[in-house]
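Undergrad: I'll drop the sequence and a predicted model, then ask my questions.
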Amino acid sequence: MPEDVSASGVHDHGFGIKVLGAVKPMLDRELLSSIAQQMLSGPSVEVNGQRTPVRRTSAQRFRMVTFEIDGREYQAIEQNPEKPSRWGKLASEGHQVVQFKDVETNRFVAVAVDGKVRVYGTRDPKASEEG
C-alpha cells in the first residue's frame, strides 16, 4: 500500500486534504472459476473447506450460491440468457455464464464464461482473465 494510504483506504495529500480510496479485495480467479463450475454442475459448492448449498432464485429459478472469501460475502448467480447484454447473449448461445456480486456493495465484480474469469474494473482485459 502506498505510504499516503492508511489501512482505511484514506489518501493523505497534505494540507489537510484526505481522499477516500477504493480498497478492492483481490479476487482469486481460480477459486471463482471453481465456484462457477461447481454451482452449475452440482447441489453444493465447496469454498475453503465450507460446503454451501446451491439455491434457486425465486422468480426465474436461476442457480445461485452465497459464499465468503477473506471475510467478505459474495454471490455467484447464473446468467439469465434472456437479458440483452453480451453476457446474456453468450448464455443464450449455450455458454456457461456466472456473474459474481459483492453483497456489501451490491456490485458485480467478476464474470465466468466457460470457466474463464474476468474481473471487472481491470484495465488490461488479458490480465483479468484466467484459463
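TA: Good, I have the coordinates. None of the values given here were measured: they were computed from a predicted structure. Residues are numbered from 1 along each chain as shown.

Undergrad: hey, where'd the strands end up in this protein?
TA: 10-12, 18-20, 44-47, 50-53, 55-56, 63-69, 72-78, 97-102, 107-113, 116-119 (DSSP state E).

Undergrad: Can you find the helix or strand in this protein with the smallest mean pLDDT?
TA: The element with the least model confidence among the helices and strands of the chain, by mean pLDDT, DSSP states H and E, is strand 10-12, at a mean of 49.

Undergrad: Determine the longest helix present in the chain.
TA: helix 29-41 (DSSP state H).

Undergrad: ok, and what's touching stretch 93-106?
TA: Counting by CB atoms under 8 Å, 6 or more residues apart in numbering, the neighbours of stretch 93-106 from elsewhere in the structure are 27, 32, 35-37, 39-40, 66, 72-79, 87-88, 90-91, 107-115. The C-beta positions use only the backbone N, C-alpha and C, and glycine is treated the same way.
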